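Peer 1: pasting a predicted model and its sequence here:
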Amino acid sequence: MYRSVVAMLLMLWVFGGCDRGLTPPSPDSTTAISGTVHFEGKLPQCDSIVVLAVVLSEDPAPFSVANVFANYGKTIVVDQLVACPIRDTSFLITPPSPGIYHYLGVIEKFGRPDSLTLDWQILGFAHTLFDSAQSFTLLAGDHIDTINLVARFDSLPRQPFVK
Amino acid sequence: MKNCFFILIFILLPTVLFAQEQIQGRLIDISTRTPVTGATVSLEDINHKRLFVRSSNSDGRYNFPLIIGAVFVRVSAIGYTDTIIDFGKRLFIEILLTPQKKRIDEIVITAERHATASQDVPVSISVVKPAELLSRGSFAIDNALRWIPGISVTESQVNIRGSSGYGRGVGSRVLFLLDGMPLLAADNGDIKFDVVPMLDIERIEVVKGAGSALYGSSALGGVINVISRVPADTSQTAITLLTGMYDKPKYSEWEVPTLNRRFVSLEAGSSGMIGSSGILGTITLRRNEGYRLGDDSYKEGGFIKLISPLASTAKLSSSLLIANEDHGGWLYWKSLSLPLLPADSLGALNGRIHSFKANMQSSLDFISEQTSQTVRADVYYTKFSTDPSKQGDPVGPHSAGINATAEYDINSDINPFFISGGIITSFQNITSDAFGDHHGISFAGFGQGEWRIDPIILTAGFRADAIRYDANMWMSSLSPKLGITYKPYDDLSFRASLGSGFRAPTMSEQFVDQVFTGFPVKPNLDLVPERSYSTEAGLTYRNRYILLDGAIFYSGFDHLIEPTFISTGTTSYIQFQNITKAEIYGHEEVVEWMPLGDDRLAARLGYTYVYPHNKVTGGVLEFRPRHLFQVRLSTAFGNFEASSDFRYISKYESLDSVLIRQVPDGDARVNAYVLDARVGYNLNAILRVPAHLTFQIENLLNYYYVEIVGNLAPLRSYSLRIETVF
């Protein structure tokens, strides 16, 4: 009995000692997109902002807000930003899988906090020279870290939402 | 504050006023010369009629008021031969007890709501003894619970044999009691593990399986009863100082250079007699800088308890517990790349949470030859507030709640029957920005009978509960129980039981109306109570050297309340709903081995297998490990002692799908291998001071795992503890 207990404990010790549990994701395998959000123009009162975030969507615009939340974490990923005081801030998004992402923008929820789907607006988005949403192809391990997004509260860009 | 002072005086004053002249004594084991605790000591007249009954305390001491006509003292203690002596005119009587040639049964009070030998109860029960509690030097009770076979803990949820998952700090499927009275917050219905000073805990009893037939709501998966110490009969002061620090993470990218990671804790208590009343008081101060940024805490607390014998066969007990805490607003990590940084840095660093808890209990016990009656009252107040995370923001979430309970119990021992019954009423009131202002009221009655036909004990009981929040519909429940114990030999007992449980939705689950990290959470007034039934069959064999316990169990659950993501096309939100139907079955084995027949060398192994089947999805329930394995080894020779605890928890097979959408790397999880080890030395041997020094390493393997989504469990820590009693 005594020997078997000691043997079992030694096995557990060895096994537990070799396995360290959770480890940091390997930088080579982390797919990410990061950069800076620059706020321009007249800034609103802090308490008018319910949520401020950067959103990355696998689906191209237009999309419905209800669809955004139905696919939250799958085809849509966000990095919630600190809302106040409003100043230029960095963001980092790690998508769940490599792929082609068709929309990257700064999103704000204002107005009614009791409804998830009402009162959302895009303050700025990554676009091409022709003002269409820029696509990003993220292969496994890719980290695009040079994105600059410009967000304005007083002059909104074209909204991607289904009317 | 002034009102609280007068209430305290009102409760404690009678305890002191009834003080009077007394007979004192001490019970000693004749072979080991150690005190005998928990023995029944009774005063008898010339015809051996029982006049007064007491129990010996942790120091083996007892006392009685001086009663005219008293001639004999009778002592009954499990594991010892009954002893009767004529005490003459002596006022201090030391009684030597002779051990029987078998292992001493533990006495438990939670399984049947009265003192019973653990081998006589028809359900599985675990006891954490004072020596084990002290040796670990834990900050809070949850750390002691994690080492009990069949139990895992996720934040404020205790999971007994798969009954609970992770409820986001809302509700508990295990009832938490302090000295038999509920200690669940009125708003969230959650457990606050750190309110009771560890120095004042006599032992912790855990009943596994549904227990609503005796205890009502929340006893869905089991009952945890924290039993506080009784005051010592001689003046005694105890001080425990613990200081230590967390190790750095192994991976340099996880390091947070600004963190000091230190912790310190001081508990100091004194106990003694004022006249014939016993009194104890303890204060606690703790500072923990934490191993994660924004997760530090300051805690202060105190506990006072008074026990006084009254004029005849009665005693009055009163206690007051307060705890104050200020801690960082940590919710979950930024990502697995940065697990020691909070997702919301400003919220964690600035949005500090302040909480205050107070519990006041008073109980009056009347004991006669065959009957004991108890009248008890209990008030539990909890309050928390959150600082704004940014200057200019409105104040964060805040809530205050009060839970008041009054009950009357009666136990009657009419051989071969033991009858118990009682009535209970409680009132809850909450004021909260998240849940609104609400109140609740409940009424309950229970009855239980035990029929002892040697070697069989049959038990049957039921409890009826009715609960109402505001002017909503009454929620009611009838909870029956049945049990049988068969003891063919002194060493061997078989048990089988069927119990039922229910949990009324908490006010927070019904009335919550707030935005949580961008997600609106909406109230649901249509929630109905969760229900469960559990059955088990088991056996226990014990002798002086070994204890073997095995059980197979099956539980069914219905109407389980879970947070649900709802999208209607035009609107989306989270709401608590009765959605899950589940069944859990498994088996549990416990082996305790003491090769020398005492605590000098001891080993305990526990293994629990659980299959938590979600009958709605066909998968497994969330946050339930399938395998739990615990080992404890301890040794004590002369002035030296050492012990180690190891636990293995298999990784969760299923997680809350709503939660992992909100938390980066939320699905990161592994099997957990956790090893704690400690060595201690009695300084009295070399320094001639009554002190004990212990060095402890927790999570010695520095194993990185999560118990809840996005929260790395504590890193390896080193601590030094010094205890002195004088």
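Peer 2: Sure thing, it's come through. Residues are numbered from 1 along each chain as shown, chains lettered A, B, ... in the order given.

Peer 1: tell me which element residue B:135 is part of?
Peer 2: helix B:130-136 (DSSP states H and E).

Peer 1: how about the contacts made by the closest residue to residue B:183 other than its chain neighbours?
Peer 2: In this structure, residue B:183 finds its nearest non-sequential neighbour in residue B:176, 5.1 Å apart by Cβ to Cβ, 6 or more residues apart in numbering or on different chains. Any C-beta I mention is one placed from the backbone N, CA and C, and that applies to glycine too. Applying Cβ atoms under 8 Å, 6 or more residues apart in numbering or on different chains, we find residue B:176 in contact with B:158, B:182-184, B:191, B:218, B:224, B:226.

Peer 1: not counting its own residues, what contacts the next helix or strand after the helix holding residue B:135?
Peer 2: Using DSSP H and E, the helix or strand that follows helix B:130-136 in sequence is helix B:141-145. The contact list for helix B:141-145 (Cβ under 8 Å, 6+ apart) reads B:128, B:132-133, B:136, B:138, B:151, B:153, B:158, B:193-194, B:196, B:198, B:201, B:204, B:206, B:224, B:226.

Peer 1: which ones among those lie within helices?
Peer 2: B:132-133, B:136 (DSSP state H).

Peer 1: hey, C-alpha coordinates of stretch B:334-345 in PDB?
Peer 2: Only the C-alpha atoms of stretch B:334-345 are listed here, as PDB (Å, rounded to 0.1, in the frame of the first residue of the first chain):
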ATOM      1  CA  LYS B 334      -6.400  40.900 -21.700                       C
ATOM      2  CA  SER B 335      -5.500  37.700 -23.600                       C
ATOM      3  CA  LEU B 336      -3.500  34.500 -23.000                       C
ATOM      4  CA  SER B 337      -0.500  36.500 -24.300                       C
ATOM      5  CA  LEU B 338      -1.000  38.900 -21.400                       C
ATOM      6  CA  PRO B 339      -2.900  36.900 -18.700                       C
ATOM      7  CA  LEU B 340      -1.700  39.000 -15.800                       C
ATOM      8  CA  LEU B 341      -3.000  42.200 -17.300                       C
ATOM      9  CA  PRO B 342      -6.700  43.100 -17.100                       C
ATOM     10  CA  ALA B 343      -8.900  43.400 -20.200                       C
ATOM     11  CA  ASP B 344     -10.100  46.800 -19.000                       C
ATOM     12  CA  SER B 345      -7.000  48.400 -17.400                       C
END
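
Peer 1: that one and chain A, are they touching?
Peer 2: Yes: counting by Cβ under 8 Å from any Cβ of the partner chain, chain A is contacted by stretch B:334-345 at B:335-337, B:339, B:343-345.

Peer 1: among those, show me the least confident.
Peer 2: Among these, residue B:345 has the lowest pLDDT, at 68.

Peer 1: partner strands of the helix or strand where the residue nearest to residue B:183 lies, with direction?
Peer 2: Residue B:176 belongs to strand B:174-178 when assigned by DSSP H and E. Here strand B:174-178 is paired, per DSSP bridges, with strand B:181-182 (antiparallel), strand B:222-228 (parallel).

Peer 1: return the most buried member of these.
Peer 2: Among these, strand B:222-228 has the highest mean neighbour count (mean count of other Cβ atoms under 10 Å in any protein chain shown), at a mean of 25.

Peer 1: I'd like to know which elements whichever helix or strand comes after it is packed against.
Peer 2: Using DSSP H and E, the helix or strand that follows strand B:222-228 in sequence is strand B:236-246. If you count contacts as 3 or more Cβ pairs under 8 Å, 6 or more residues apart in numbering or on different chains; DSSP states H and E, strand B:236-246 packs onto strand B:262-274, strand B:717-725.

Peer 1: can you list the buried residues in strand B:236-246?
Peer 2: The neighbour-count check on strand B:236-246 (16 or more other Cβ atoms under 10 Å in any protein chain shown) flags B:238-240, B:242, B:244-246 as buried.

Peer 1: returning to that earlier point: can you add mean pLDDT and give the strands paired with strand B:174-178 back as JSON lines?
Peer 2: Listed next are the strands paired with strand B:174-178 as JSON lines, based on pLDDT from 0 to 100:
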{"stretch": "strand B:181-182", "mean pLDDT": "91"}
{"stretch": "strand B:222-228", "mean pLDDT": "92"}
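
Peer 1: closest to residue B:543 out of those?
Peer 2: Residue B:543 lies closest, by Cβ to Cβ, to one member of the strands paired with strand B:174-178: strand B:222-228, at 26.5 Å.

Peer 1: just the C-alpha atoms of the closest one, please, in CSV.
Peer 2: Extracted in CSV, the C-alpha atoms of strand B:222-228 (Å, rounded to 0.1, in the frame of the first residue of the first chain):
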residue,chain,number,x,y,z
GLY,B,222,-25.2,19.9,-1.0
VAL,B,223,-24.7,21.8,2.2
ILE,B,224,-21.5,23.4,3.7
ASN,B,225,-21.7,24.2,7.4
VAL,B,226,-18.9,26.2,8.9
ILE,B,227,-18.9,25.6,12.7
SER,B,228,-17.2,28.3,14.7
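
Peer 1: on that earlier part again, how distant is the helix holding residue B:135 from the center of its chain?
Peer 2: With Cα atoms, centre = their mean, to the nearest Å as the basis, helix B:130-136 stands 14 Å off its chain's centre.
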